[in-house]
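1. sequence and predicted structure below; questions after.
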Amino acid sequence: MESILNWISGNEQIIYIVILMVFVGIEIIGRVPSVLHTPLMSGANAIHGVVIIGAIIVMGKAESDNYLALILGFLAVILGTINVVGGFVVTDRMLEMFKSKKKAPKNK
């Protein structure tokens, strides 16, 4: 228990920053109009490509007998890829809503 308290007192400023980030993030997201929510979320999902690159680097630098790093890197690649693809699918579906529909020719 003493080691936990020492860690908290040593990282007190970082903990305050994280708590502040949570409240600021909630305020910012709460003020986004619902029309903009989908494009912002799909863009944020697409940014997770950085996670994929980081995971590939971790897997490449890991020792061949370090199974924990390899498994975590593999899971990060898979989950990051799913997130990126999902972001692009959501964006594509959203953009389809704004396209005008072609009118069918009238048959006489």
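-> Received, thanks.

2. rest of the way, CA atoms for contacts and neighbours
-> Noted.

3. need the contact list for the spatially most central residue of the chain.
-> The chain has residue 45 as the residue nearest its centroid, 4.4 Å off, counting by CA atoms, centre = their mean. Neighbour list for residue 45: 83-84, 86-87 [criterion: CA atoms under 8 Å, 6 or more residues apart in numbering].

4. find the residue closest to it in space, skipping its chain neighbours.
-> Of all residues not flanking residue 45 in the chain, residue 87 sits nearest, at 4.9 Å (CA to CA, 6 or more residues apart in numbering).

5. what comes up buried for whichever strand or helix holds that neighbour?
-> According to DSSP states H and E, residue 87 maps onto helix 67-97. Residues of helix 67-97 classed as buried under the neighbour-count rule (16 or more other CA atoms under 10 Å) are 69-70, 73-74, 76-77, 80-81, 83-85, 87-88, 90-91.
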